[in-house]
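Chemist: What follows is a predicted protein model with its sequence.
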Amino acid sequence: MKKDFKIHTIESAPEASKPLLERAKKQNGMISNLFGVMAEAPGLLEGYMQLHRLFDESSFDAEEKTVIWQTLNVENDCHYCVPAHTVIANMMQVDPALTEALRNQQPMPTKKLQVLQDTTLLMARNRGRLTEAEITAFYAVGYTHRQLLEVVLGLAQKVMSNYTNHLADTPLDQAFAQAAWEKK
């Protein structure tokens, strides 16, 4: 299979993607290779950016968002998103010990984060089908109906990026290189 996906710049991108890439460059100081690849399909890029914004505005705190993102990135063996979200977690001031535990599939530091990770994995592996006991465990540590649904939002966002990176074998940006990762 030939993976010759183009990494678009603002100049080479389809017209509908140009303003999205311009916005990304203004917000992040760069256009990530992921966005450059996604730009080929403007709807994918716009949808991903919108889901990212919505998940970022969810009721989860920085640690919880990181648990959801990285759990899915590692589960999906995404060579690009694990390092990217390691850097993002550092920018969000998430404890590096938590990030390392997620990268290395080690237990979470608290019961609440462990239940969040377990629930996220079950959602992904069972395609949203949770048992009554699994849902009860999620609520028992203080999570809500809204947050159970917000896990679905995070999952949808990660499907878009993880699968794009698998298809395109997206090269890691220099900004994420120090956090390179391979599944053990």
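Modeler: Alright, I've got the coordinates.
Chemist: What ranges does this protein have for its helices?
Modeler: Secondary structure of the chain (DSSP state H): helices at 18-28, 33-38, 42-56, 62-75, 81-91, 96-103, 111-125, 132-140, 145-168.
Chemist: Leaving aside the residues adjacent along the chain, what's closest to C81?
Modeler: Spatially, and ignoring its direct neighbours in sequence, C81 is nearest to N73 (4.1 Å; CB to CB, 6 or more residues apart in numbering). Any C-beta I mention is one placed from the backbone N, CA and C, and that applies to glycine too.
Chemist: now P14
Modeler: P14 sits nearest to P42 (CB to CB, 6+ apart), 5.6 Å away.
Chemist: which residues sit in contact with the one you found?
Modeler: 14, 16-17, 20 (CB atoms under 8 Å, 6 or more residues apart in numbering).
Chemist: at 7 Å instead, please
Modeler: Applying CB atoms under 7 Å, 6 or more residues apart in numbering, we find P42 in contact with 14, 16-17.
Chemist: quick revisit: and the residue nearest to C81, how far from A13?
Modeler: Distance of N73 to A13, given as CB to CB, to the nearest Å: 25 Å.
Chemist: how long is stretch 104-120 from one end to the other?
Modeler: This stretch, stretch 104-120, spans 16 Å end to end (CA to CA, to the nearest Å).
Chemist: before we move on, the earlier item: if you tally nearby residues, what's the number for the residue nearest to C81?
Modeler: 26 (other CB atoms under 10 Å).
Chemist: picking that back up, now the helices of the chain in TSV, please, with extra columns for mean pLDDT and distance to K183.
Modeler: Putting the helices of the chain into TSV (pLDDT from 0 to 100; distance: least, CB to CB, whole Å) gives the following:
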stretch	mean pLDDT	distance to K183
helix 18-28	96	26
helix 33-38	98	18
helix 42-56	98	23
helix 62-75	98	7
helix 81-91	97	8
helix 96-103	97	9
helix 111-125	98	14
helix 132-140	98	25
helix 145-168	98	12
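Chemist: In terms of pLDDT, where does K2 sit?
Modeler: On pLDDT, K2 comes in at 58.
Chemist: Nearest to E182, out of the helices of the chain?
Modeler: Among those, helix 81-91 comes nearest to E182, with 8.8 Å by CB to CB.
Chemist: what angle separates the closest one from helix 42-56?
Modeler: The directions of helix 81-91 and helix 42-56 differ by 40 degrees, with axes from the mean of the first three to the mean of the last three CA atoms, to 10 degrees as the criterion.
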